[in-house]
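Chemist: Dropping the sequence and predicted coords here.
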Number of protein chains: 2
Amino acid sequence: MMDRGNGTILFRNVVLLDGSMEKAKAADVSVEEGRIAVVAEAGDLIATGDVFDGRGKTALLPGFANAHTHSAMTLLRGLGEESPLLEWLKERIWPIEARLTKEAVRWGTLQAIVEMAAAGTTAFGDMYFFMDDVARAAAETGMRSGLCRGLVGTDEAKVAEGLALAETWDRFEDRCRVQIGPHAPYTVDPEGLKKLASLALERGLGIHLHWLETAWEVDHIRKELKREPLELLEETGLLGVPHLSLAHGVWIDEGDMKALARENVTVIHNPSSNMKLGSGIAPVAALVEAGVSVALGTDGAASNNRLDLWQEMRTAALLAKVARQDPTVLPARKILEMATVAGARSLGFDDVGLVRKGWQADFVLVDLDKPHYTGWDRENLALFLVYAGASSDVIGTVVQGRWIWREGVFSFDDETIRTEAKEWRRKLIG
Amino acid sequence: MMDRGNGTILFRNVVLLDGSMEKAKAADVSVEEGRIAVVAEAGDLIATGDVFDGRGKTALLPGFANAHTHSAMTLLRGLGEESPLLEWLKERIWPIEARLTKEAVRWGTLQAIVEMAAAGTTAFGDMYFFMDDVARAAAETGMRSGLCRGLVGTDEAKVAEGLALAETWDRFEDRCRVQIGPHAPYTVDPEGLKKLASLALERGLGIHLHWLETAWEVDHIRKELKREPLELLEETGLLGVPHLSLAHGVWIDEGDMKALARENVTVIHNPSSNMKLGSGIAPVAALVEAGVSVALGTDGAASNNRLDLWQEMRTAALLAKVARQDPTVLPARKILEMATVAGARSLGFDDVGLVRKGWQADFVLVDLDKPHYTGWDRENLALFLVYAGASSDVIGTVVQGRWIWREGVFSFDDETIRTEAKEWRRKLIG
């Protein structure tokens, strides 16, 4: 275990890149009490406390946001592999989920945080249950989170649980945001969606829901609900919620994209999960062209099976190119923006995801002195990171200026987490 | 640097899995003089020399074969990113390749070997030029290889170079095979292909060529050569060469697959490269269903940009599922077979790629004691490896019973390689 530090640190001589910069540059970045104080030319700043020296060969990027996952599903990894979505859910996942306890969710979530932190993820968006325990796990480990109680139906007790989550945790230490989480248009009826949308407006909370992950969802909306998907979003008031995040969006129609852009909706793209479950290829290039904000997620570990934003960045870039048979779409710089600032925004943070004075200091540090980075320069660094990089290049993960993980060492007791996660896996599945 | 050992070693208490087994099992594997001597139940064998103790939590798999690459292109990584294939080749790649020297190819290849060895790759298939230097790099580092001089046209000097390569290196230390390497049907005319096919038959060599990577290649064959692709393979005699490997095969027609299966052709699938260049999605599930042998490759580092078979395994599995919108196709076990025994066979080895008595001892050792393997068992290990695994889980790479790489340490001078590769990159590109 490692001390997290006090949130005041100078990152000296790092290679700075974020989603909105034209080029990487050699920089000093000073952080005070968890926020970025000064961004200067390398060599300009004088240390007054802790120093991390990048020696000109460590990249500093905004931390990665895994905008859609179900963390505790680390305990369910490998179950019912290679079967269709509904069969997988009904026969393998839901029966086990019915037996999950608070403790299981706690340790499964912490296990996910272990995996994410070591891969440079500084924030995660989680829809599940026993969310109080998820929030506590994030708080204890120093991770940033955007959380919602997943609602199948609108049972009053569960809705109340979701609102209590917001009361307790929303804005906790400026690292947590709470959303309202209707599971999907096939598990919450239009009346329920309407009710949740007005609750969200009333409480100033965002909405996070699964949306058009599979083709049969579109059929369901048309045949059972007798509407078009966009009409459902409009009629229920979901589209009017200032902060709406749609996970998956595989089957979003091109004609609906302008409306989503106008209403500042975020689509959270989960390329690995969509591929692995055979759900389809989300029209990400078209969404981006239409001006829709797109974030990235891993989905749960049972349908990916990695919790690794590097994997999602690379897969998103490659998948968009082959889908259009055009290598020019969805360039690396855009991919980095999706993985960082767009993800943080989707979780409800407007001062996270860029390296800017006053913003929160969530960073990932990447070792560029590895063989596969030979040839990187200030112009091409984004390309090297997205296409040649991997999570094993990460050497440090920082949230609010505090080390969560550094060169193999966690700032929390990962050994106990691994032992408990193994034990809970055994209890649940054998 | 580390001593490679003498090829005699006992791998004790490892978790053994190869492409043809129903389940993983706890085993002892003894290797004598580079070949597998005994495969027994864990605990049955008594060590007489070197021992590797897997402690029941290290997987031993056949080594990975990267069946199609251009190793020295590590020097060209990041050039002309995100542009279409022909523009990329003509404007960025070919002008630099025209300036490559023997020395550049040597160091670029060694750099690729550094990357591949640390990721568990024990064999690589390489089509390039200055192939004598590629063969020497493989020989020096102990890597297995299947090599061919890439032929654009059938210029006599170049063909002679390809044959001389076979004279010198084919069967060298039982780790090298040489093929004849016509570049592609759009760079070698039908007469040339015919000539090379009969040379291959006469010398008992295999053929390795690029085949239907892009849609315009099919157009070229139909419009310029006035044939169907399968007719071109038949008429030129390529289909009659006992050992024919077709790299890419993205646009192979379903109707032609039976003929490819009948003639024991291997299609080498390069999913990342095909996606990144926007070339298309190879019909891998259909090829496998038709009985065609499919191997995996990374292609060169300039179009991938990793040399990482773990990445290709995962991407191949996910891509096939989303292409068919069916999560049941191309299961993990099949993927492992493609990455190991099918790849080795494609390079010309018939005693490499399975853990069988008498076969050559090429292994990759994988640490299963990592968080993302929580829950693995003998039934699901293939699934965990393909979907949750990554090259950073590799702890040892063994060719002919000798360590090439072990826990971060190479059996050759990787520091000099990295320095020279950087220097050659600078000289070539700046």
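Modeler: Alright, I've got the coordinates. Residues are numbered from 1 along each chain as shown, chains lettered A, B, ... in the order given.
Chemist: Mind telling me what element residue A:133 is part of?
Modeler: Secondary structure assignment for residue A:133, by DSSP states H and E: helix A:131-141.
Chemist: I'd like to know which elements that helix is packed against.
Modeler: helix A:102-118, strand A:121-128, strand A:144-151, helix A:156-169, strand A:176-182 (3 or more C-beta pairs under 8 Å, 6 or more residues apart in numbering or on different chains; DSSP states H and E). Where you see a C-beta, it was placed from the backbone N, CA and C, and this is true even at glycine.
Chemist: quick one: which of the ones you listed is nearest residue B:239?
Modeler: Residue B:239 lies closest to helix A:102-118 among those, at 47.6 Å (C-beta to C-beta).
Chemist: could you give me the average pLDDT of the closest one?
Modeler: Mean per-residue pLDDT for helix A:102-118: 98.
Chemist: Next, the buried residues of it.
Modeler: For helix A:102-118, a neighbour-count test (16 or more other C-beta atoms under 10 Å in any protein chain shown) marks A:104-118 as buried.
Chemist: the residue most distant from the middle of chain A, which is it?
Modeler: Ranked by distance from the centre of chain A (C-alpha atoms, centre = their mean), the top residue is residue A:46, with 34.4 Å.
Chemist: The helix holding residue A:133 versus helix A:156-169: what angle between them?
Modeler: Going by axes from the mean of the first three to the mean of the last three C-alpha atoms, to 10 degrees, helix A:131-141 is angled at 20 degrees with respect to helix A:156-169.
Chemist: For helix A:131-141, give the mean pLDDT please.
Modeler: Rounded mean pLDDT across helix A:131-141 is 98.
Chemist: Kindly indicate whether residue A:51 is helix, strand or coil.
Modeler: strand (DSSP: H, G, I helix; E, B strand; the rest coil).
Chemist: Regarding the closest residue in space to it that isn't next to it in sequence, what is its secondary structure?
Modeler: With sequence-adjacent residues excluded and distances taken as C-beta to C-beta, 6 or more residues apart in numbering or on different chains, residue A:51 is closest to residue A:10, at 4.9 Å. At residue A:10 the chain is in strand, as set by three-state DSSP.
Chemist: Kindly state the beta-bridge partners for residue A:10.
Modeler: For residue A:10, the beta-bridge partners are residue A:30, residue A:51 (DSSP bridges).
Chemist: count of residues packed around the residue nearest to residue A:187 when sequence neighbours are not counted?
Modeler: Leaving aside its sequence neighbours, residue A:187 sits nearest to residue A:152 (C-beta to C-beta, 6+ apart; 4.5 Å). Counted with other C-beta atoms under 10 Å in any protein chain shown, the neighbours of residue A:152 add up to 15.
Chemist: Then residue A:47?
Modeler: Neighbour count of residue A:47, defined by other C-beta under 10 Å: 13.
Chemist: can you list the helices and strands packed on helix A:131-141 in CSV and add distance to chain B?
Modeler: Converted to CSV, those look like this (distance: least, C-beta to the nearest C-beta, whole Å):
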stretch, distance to chain B
helix A:102-118, 5
strand A:121-128, 13
strand A:144-151, 19
helix A:156-169, 25
strand A:176-182, 23
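Chemist: out of the ones you listed, nearest to residue B:321?
Modeler: Of the helices and strands packed on helix A:131-141, nearest to residue B:321 by C-beta to C-beta is helix A:102-118, at 22.8 Å.
Chemist: what is the orientation angle of the closest one with helix A:131-141?
Modeler: Orientation of helix A:102-118 against helix A:131-141 (the same axes, to 10 degrees) gives an angle of 40 degrees.
Chemist: isn't the residue nearest to residue A:51 right next to residue A:54, touching?
Modeler: No. Applying C-beta atoms under 8 Å, one finds residue A:10 not in contact with residue A:54, separated by 10.5 Å.
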